[in-house]
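# Predicted model, plus sequence, below.
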Amino acid sequence: QVQLVESGGGSVQAGETLRLSCEASGSTSKVNHMGWYHQAPGEERDLVASITTADATNYADPAKDRFNIAVDAAKNTIYLQMTDLKSEDTGVYYCYYKSKRITDPASWGQGTQVTVSS
């Protein structure tokens with residue numbers, strides 16, 4: 001069982017920067033990859049970025065030039081640095097954890113709200 005706790009969300013103006021954090025605890029030794037999803041109001045949850053244990057990263061197109069995902073393995077924490085925020089970045093950001101075992105479902109955090117005002 002893995003528990004995820006996100007933090008770092010808030011209300012900002014367009015063009016500003018936020019850094020989200022997600023700390024994992026519990027049975028984290030079998031991690032394969034972790035990442036972030038974004039859910040805008042009334043929309044489905046979409047992948048923003050992911051990172052593997054080999055530090056391979058993957059970004060959705062809207063995030064490629066503005067967001068950066070990083071991991072601090074010693075702290076069991078991943079980060080999402082979001083720069084030049086836009087109003088369409090508004091929503092809830094969820095951290096997820098996926099183990100190496102294919103049959104294990106992903107674990108999810110409770111989400112952190114980001115609101116960007118233009």
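Everything's here; your move.
# The residue nearest the centre of the chain - nearest residue in space that isn't next to it in sequence?
Note on the chain: the residue nearest the mean C-alpha position is W36, at 2.5 Å, using Cα atoms, centre = their mean. Once flanking residues are discounted, W36 sits nearest to V48: 4.4 Å by Cβ to Cβ, 6 or more residues apart in numbering. The way it works is simple: take the backbone N, C-alpha and C, and place the C-beta from them, glycine included.
# What residues does that neighbour make contact with?
Counting by Cβ atoms under 8 Å, 6 or more residues apart in numbering, V48 touches 35-38, 59-60, 63, 67, 80, 93.
# and these, which are buried?
Those of the contacts of V48 that meet the buried threshold are 35-38, 59, 63, 67, 80, 93, by 16 or more other Cβ atoms under 10 Å.
# hang on, the earlier thing: sort out for me which of the contacts of V48 are in strands.
35-38, 59, 67, 80, 93 (DSSP state E).
# Quick check: the two most widely separated of those?
Distance extremes for these: the farthest pair is Y59 and Y93 at 14.0 Å, using Cβ to Cβ.
# check contacts around V2.
Going by Cβ under 8 Å, 6+ apart, V2 touches 24-28, 97, 99, 107.
# nope, V31 is what I was after
With contact set as Cβ under 8 Å, 6+ apart, V31 has these partners: 24, 53, 97-100.
# Mind checking which of these are in strands?
Per DSSP E, the subset of the contacts of V31 in strands is 24, 97-99.
# out of those, who's nearest D89?
Nearest to D89 among the ones in strands among the contacts of V31: Y97, at 22.5 Å, using Cβ to Cβ.
# Confirm for me that the closest one is in contact with T28.
Yes - with contact defined as Cβ atoms under 8 Å, Y97 and T28 form a contacting pair (7.3 Å).
# Nice, that's everything, thank you.
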